[in-house]
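Participant: A structural model of the following input is requested.
(chains A and B)
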Amino acid sequence: MMLAIVSITAHAQVKEFERYSDTKNVTYVYISKFMLQAVGKKAAPSVQGVNLNNIMNKLTGIQIITAEEKSAATRLKTDTQNIVKNGKYELLMQVDENEEKTRIYHREGKQQSVIVMLTENTAETTVIVFSGSFTLNDVTTLTK
Amino acid sequence: MDELNINNIDLNELEQIPIPEGLEERLSRKIDEWEKETLSTTLPRHGEGDRSGSLSLRSKPNGSPHYGGDVRRTERVFSWTAIAASIALLMGLGYYTFTRVDGDAVTAPPLAERDTYHDPLLAQQEAERALTLLAVNLNKGMTQLEKAQTLSRKTEQTLNKQLKALE
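Facilitator: Residues are numbered from 1 along each chain as shown, chains lettered A, B, ... in the order given. Model prediction:
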């Protein structure tokens, strides 16, 4: 039973990004399904112009990886590009604005769908990984 | 023919019937033999895998008691109990290993599998921030897409007007 619980918890994250939990000069944040569900039970989050209700219950985990130090930021960017390339992710959107570049990648699976958002600017590089059982349609409803 | 009626039997007469010599010893010897046979069929099964003893007991033609079935049932119960106890022990050890606390730090599960936030409110704020960033970037892209679509529509309309004018 314990093994089953551990394997379910482990599956909630995208394994390829887990290595950053123990990397120097990199901040790794993980929010589990249980915590997201606890959030969902509370009052609905209120962010103007963003509808979080639909997708919040479908997420099984969020990983946020941030690197400010230059070499760590470069490594994070290269690693992420390799992960999306090897994992056969599709480029959903690319936004280049002033000194900030954002790439949004998507991979839809039967068991788990993943969205990877890579943002780089002069101050830091951030990778946000959303995993869960959602569809692209659920993602587009975020902006409504 | 006289019928034998149990009510007519005189118990005093029965007690006076002579008992064959050595019957008691023979009976107790037979009981001892059965006991030995039962023990010999239970012990070798684990070591040698010999099932013939228990089978011969079961097929005893002289109506002697069938200990084999009970013994096998008891063995099976003990085997399952042992398996269940082993699983319980392993689960207990696993639970202890995964939840053991060294001072303030929980040793397991591994770092990557642990929630960064223990306070749901902080987790909510961070989740909101992440999702809002995603939504904002998606909005930027969608806005540009809408602009491009509008421009494309206008160009198409202008082109159609010009084509009609040429006709």
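Participant: drop to CA atoms for contacts and neighbour counts, all remaining ones
Facilitator: OK.
Participant: quick one: buried residues of stretch B:118-130?
Facilitator: B:Pro120, B:Ala123, B:Gln124, B:Glu126, B:Ala127, B:Glu128, B:Ala130 (16 or more other CA atoms under 10 Å in any protein chain shown).
Participant: Quick check: which element contains the fourth one?
Facilitator: Right, B:Glu126. Taking DSSP states H and E as the definition, one finds B:Glu126 inside helix B:120-166.
Participant: ok, back up a step: which one of the buried residues of stretch B:118-130 is nearest to A:Glu97?
Facilitator: Of all the buried residues of stretch B:118-130, B:Ala130 has the smallest distance to A:Glu97: 18.9 Å, by CA to CA.
Participant: So which residues of chain B form helices?
Facilitator: B:11-15, B:23-42, B:44-47, B:52-58, B:68-99, B:120-166 (DSSP state H).
Participant: list the contacts for B:Arg114?
Facilitator: A:Tyr30, A:Ser32 (CA atoms under 8 Å, 6 or more residues apart in numbering or on different chains).
Participant: how far away is it from A:Ser131?
Facilitator: Distance of B:Arg114 to A:Ser131, computed by CA to CA, to the nearest Å: 16 Å.
Participant: now do B:Thr74
Facilitator: B:Thr74 is 51 Å from A:Ser131, by CA to CA.
Participant: Those two: who's more crowded?
Facilitator: A:Ser131 (25 against 11; other CA atoms under 10 Å in any protein chain shown).
Participant: so when I look at the more buried one, I'm seeing a helix, right?
Facilitator: No. Using DSSP: H, G, I helix; E, B strand; the rest coil, the secondary structure at A:Ser131 is strand, not a helix.
Participant: Would you check that it makes contact with A:Gly109?
Facilitator: No. The pair A:Ser131 / A:Gly109 is not scored as a contact, 10.3 Å apart, by CA atoms under 8 Å.
Participant: Okay, strands next: where are they in chain A?
Facilitator: Listed in chain order, the strands of chain A (DSSP state E) span A:26-32, A:59-67, A:90-97, A:100-107, A:113-120, A:125-132.
Participant: Next, name the residue at the spatial heart of chain A.
Facilitator: Centroid-nearest residue in chain A, with CA atoms, centre = their mean: A:Val129, separated by 1.2 Å.
Participant: wait, doesn't that residue sit right on A:Leu59?
Facilitator: No. Applying CA under 8 Å as the test, A:Val129 and A:Leu59 come out as separate, 10.6 Å apart.
Participant: Low-confidence ranges, the chain, go.
Facilitator: Using chain A here. For chain A, the stretches flagged by pLDDT under 70 are A:1-12, A:39-49, A:144.
Participant: try again with chain B
Facilitator: Those would be B:1-7, B:42-69, B:97-113, if you go by pLDDT under 70 across chain B.
Participant: how about a cut-off of 80?
Facilitator: By pLDDT under 80, the low-scoring segments of chain B are B:1-20, B:40-73, B:95-120, B:142, B:144, B:167.
Participant: Tell me the residues of it that contact chain A?
Facilitator: Applying CA under 8 Å from any CA of the partner chain, we find that chain B lies next to chain A at B:91, B:94-95, B:109, B:111-117, B:120-121, B:123-124, B:127-128, B:130-132, B:134-141.
Participant: who does the longest helix belonging to chain A touch, helix- and strand-wise?
Facilitator: Counting residues, the longest helix in chain A under DSSP H turns out to be helix A:70-86. With contacts taken as 3 or more CA pairs under 8 Å, 6 or more residues apart in numbering or on different chains; DSSP states H and E, helix A:70-86 sits against strand A:59-67, strand A:125-132.
Participant: Same list (those strands) but as TSV, adding distance to A:Lys88.
Facilitator: TSV is the format used below for the helices and strands packed on helix A:70-86 (distance: least, CA to CA, whole Å):
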stretch	distance to A:Lys88
strand A:59-67	19
strand A:125-132	15
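Participant: Which one, of these, ends up nearest to B:Asp32?
Facilitator: For B:Asp32, the closest of these is strand A:59-67, at 68.5 Å, according to CA to CA.
Participant: what's in contact with the closest one?
Facilitator: Contact with strand A:59-67 is made by A:12-13, A:17, A:20, A:25-33, A:36, A:73, A:76, A:124-134, B:127, B:130, as judged by CA under 8 Å, 6+ apart.
Participant: what's A:Lys70 in contact with, if anything?
Facilitator: A:Glu124.
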